[in-house]
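# This is a predicted model, with the sequence first.
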Amino acid sequence: MLQKNKGCHMGEPSADGFAVKLKLEGVEKKYGDFQALRPTHLEVKEGEFVTLLGPSGSGKTTLLSLIAGTNYPSGGSISIDGRPATELPAHKRDVGVIFQNYALFPHLTVAENIAFPLRMRGERQEEVQRKCDNVLSAVGLTSFGNRFPSELSGGQQQRVAFARCVVYEPSVILMDEPLGALDKRLRDSMQDEIRRLHKALGTTVVYITHDQTEALTLSDRICLMKDGEIVQSGAPSDLYFRPNSRFAAEFFGEANLYPYEAEGSGASNVAHVKDLGAVSPQAPEQGTSGWMMIRPQCLQLDPETPHDELRTCRVSDIRQVGFYTQFHLTLDQGGASIILQRLSDVSSLSRWHIGQSVTVGWNWRDVAFFSEERERHA
Ligand SMILES: Nc1ncnc2c1ncn2[C@@H]1O[C@H](COP(=O)(O)OP(=O)(O)OP(=O)(O)O)[C@@H](O)[C@H]1O
Ligand SMILES: [Mg+2]
């Protein structure tokens, strides 16, 4: 839930008028010669939910720890609410952190765990009680106040960690893989919980995961990280449907990728995609060669509606992947491989079979082009 700048001490407005909560300029981290985080620019707006997503070792925790103040940068500057925070110790940043292991105090009850940060700030008993009751109710644990962490399930412990973090209304909440240890069902329900609480409280969140589905589900914006840098940042649908590299395309699951060569200039620019025997009428934004990408669910099998392009293929394999049926196809002309996906239904099981001749259709508006060097991936 983004919030427009209300004009109080919330930091400068961003270009679109929203308050900037968190700003990193050229922030980097070196360990000896090793660059764990390359100079990074990042602006997070008031109320925004930003996810740092990337493979193990890509620098997610490093970046988060620099924002939290549990680690200090080798260069660059950080500001929170428009105030310099680069040198500020963690406890003066008004930032709440939730780690994967929750770090609840085992010898304190749920209520005492949640009250802890308020007591540290010297708040009055009645205030502590009121805020604890409110937050316990918000996370659905009203009757659990007297239990100890060891008497709770993993998901309930996670909710207590969340409650303990939000009870003192930090300016920013940082979460490092908070759902990593949970099973799928619990993860799903905790994702709902986090989304609901984020909406209800309007808190700014920076969240880490290496699970792309979780990132797509929760985030207003995803920062995809690789080798210590943010390689693409945008709305979930941008990263999914408009990746700017093979890495980004492949990180989010199945992608059909084919080389293209551009020809012409300006409005008459076209892209030849030889593997598909196709010419795109839409000009790739940049570069004379690179990759074309289309997601498997953007392709239609034996379409009944008009499509920009139609090709005949042979079905080489049919796989059930969760709720989806995945068709592996071979193009008649040239033999390129195509993966097509559609929601499973009874007709996908009975209507198509391996070896069958089918038609594949796509529209150019569903296609992304990016001008990445091809040699690097050869
Ligand atoms: N104290 C340290 N000294 C030296 N290298 C470090 C230190 N902390 C982290 N690194 C290195 O920095 C890189 C980034 O680590 P980081 O913990 O930020 O990765 P991550 O993206 O959080 O990975 P994961 O998903 O596994 O948690 C890694 O190569 C790691 O080995
Ligand atoms: Mg990490």
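Alright, I've got the coordinates. Ligands and ions are numbered 1, 2, ... in the order given.
# what's near enough to touch the residue in the stretch 151-300 of the chain that ligand 1 sits nearest to?
Using Cβ to the nearest ligand atom, His210 is the residue of the stretch 151-300 of the chain that sits closest to ligand 1, at 5.1 Å. All C-beta atoms are positioned from the backbone trio N, CA, C, and that covers glycine. His210 makes contact with Leu53, Gly54, Pro55, Ser56, Lys60, Glu177 under the criterion Cβ atoms under 8 Å, 6 or more residues apart in numbering.
# and Ser153, what is it in contact with?
Ser153 sits next to Leu186 when contact means Cβ under 8 Å, 6+ apart.
# Now do whichever strand or helix holds Leu118, average pLDDT.
Here Leu118 sits within helix 110-120, counting by DSSP states H and E. Mean pLDDT, computed over helix 110-120, is 92.
# same thing with stretch 319-335?
Throughout stretch 319-335, pLDDT has a mean value of 93.
# what's the span of it from first residue to last?
Using Cα to Cα, to the nearest Å, the gap from the first to the last residue of stretch 319-335 comes to 20 Å.
# how distant is that stretch from the center of its chain?
In this view, stretch 319-335 has its centroid 27 Å away from the chain centroid, taken as Cα atoms, centre = their mean, to the nearest Å.
# Now that stretch: buried residues?
Buried residues in stretch 319-335, counted by 16 or more other Cβ atoms under 10 Å: Tyr324, Thr325, Gln326, Phe327, His328, Leu329, Leu331.
# Repeat that for stretch 105-119.
Across stretch 105-119, burial judged by 16+ other Cβ under 10 Å covers Thr109, Val110, Ala111, Glu112, Asn113, Ile114, Ala115, Phe116, Pro117, Leu118.
# ok, which of those also contact ligand 1?
Counting by Cβ under 6 Å from any ligand atom, the subset of the buried residues of stretch 105-119 that neighbours ligand 1 is empty.
# Check the contacts of His210 for burial and list the buried ones.
Leu53, Gly54, Lys60, Glu177.
# wait, the last one sits on Ala215?
No - with contact defined as Cβ atoms under 8 Å, Glu177 and Ala215 do not form a contacting pair (11.4 Å).
# which residues are common contacts for these two?
Thr209.
# hang on, the earlier thing: now for the buried ones among the contacts of His210: which two are most distant?
The span of the buried ones among the contacts of His210, defined through Cβ to Cβ, is set by Gly54 and Glu177 at 11.7 Å.
# where does the stretch 151-300 of the chain dip in pLDDT?
The stretch 151-300 of the chain contains residues with pLDDT under 70 at 181, 266, 283, 285-287.
# What residues does it have near ligand 1?
His210.
# picking up where we left off before, tell me which of the buried ones among the contacts of His210 is nearest to ligand 1?
Using Cβ to the nearest ligand atom, the buried ones among the contacts of His210 come closest to ligand 1 at Lys60, 3.6 Å.
# ok, that closest one to Pro236 distance?
According to Cβ to Cβ, to the nearest Å, Lys60 stands 17 Å off from Pro236.
# next one: Gly140
Separation of Gly140 from Pro236 (Cβ to Cβ): 27 Å.
# Next: Leu66.
24 Å.
# Name the residue in these two with the higher neighbour count.
More crowded of Leu66 and Pro236, by other Cβ atoms under 10 Å: Leu66, with 25 against 19.
# That one reaches Tyr72, doesn't it?
Yes - using Cβ under 8 Å, Leu66 is in contact with Tyr72, at 7.0 Å.
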